[in-house]
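K.L.:
Need coordinates for the below:
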Amino acid sequence: MAVSVQSVTTIEAGIPEIMAVLADVESLVDWSDAHRAVEVREADDEGWPIVVWEKISQFGMTEEMVVRYEWYDGEVSWSLVESRTLNVQNARYDLTDNGDGTTRVVFDLEVDLKIRLPGMVLKKAQKHIADVATSGLRDEVLRRYG
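P.N.:
Residues are numbered from 1 along each chain as shown. Predicted coordinates:
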């Protein structure tokens, strides 16, 4: 059964700065406590990561997965290509310029596990991921550009 979660924050930076941090996928090991290793396996002609391998460890589980990114103006999404424990992982950042030097960031995540976990554990893990995806991103953007 797929479950979804959304997290929203405001970052005191512009869309280009936030997109630059998101495109630096290898830095996930610095600002996401779940990421242990990240490797870009394929990038487009402009250097945007397209296929990325990730090693993630959280809540006592370690997972290696491959995801495929899609990049648009003010938006990035990725979907699962390969995983041992996931059937589905779809995620998306949607960035909106607030017109005052800040950006509204919406992070959506949908996950479907191959293994059964108690619903409470799954929801807690998902909420933690969504919180890191927004607050961790915010902290990293402000560290670089603030």
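
K.L.:
Can you tell me, leaving aside adjacent residues, what's nearest to A125?
P.N.:
Excluding the flanking residues, the one nearest A125 by C-beta to C-beta, 6 or more residues apart in numbering is F59, at 5.3 Å. Heads up, the C-betas are built off the backbone N, CA and C, glycines and all.

K.L.:
Near the one you found, how many other residues are there?
P.N.:
F59 has 11 neighbours, counted by other C-beta atoms under 10 Å.

K.L.:
contacting residues for it?
P.N.:
Residues near F59 by C-beta atoms under 8 Å, 6 or more residues apart in numbering: 121, 124-125.

K.L.:
Tell me the first helix or strand C-terminal of the lowest-mean-pLDDT helix or strand in the chain.
P.N.:
Least confident helix or strand, the chain: helix 119-131 with a mean of 77, by mean pLDDT, DSSP states H and E. Moving toward the C-terminus from helix 119-131, the next helix or strand (DSSP states H and E) is helix 137-145.

K.L.:
chain center to that next one, what's the gap?
P.N.:
15 Å (C-alpha atoms, centre = their mean, to the nearest Å).

K.L.:
ok, the nearest residue to R68 once chain neighbours are set aside to T62 distance?
P.N.:
The shortest distance from R68 to any non-neighbouring residue, by C-beta to C-beta, 6+ apart, is to V81 (5.2 Å). Going from V81 to T62 by C-beta to C-beta, to the nearest Å gives 18 Å.

K.L.:
Having no further points to raise, I will conclude here.
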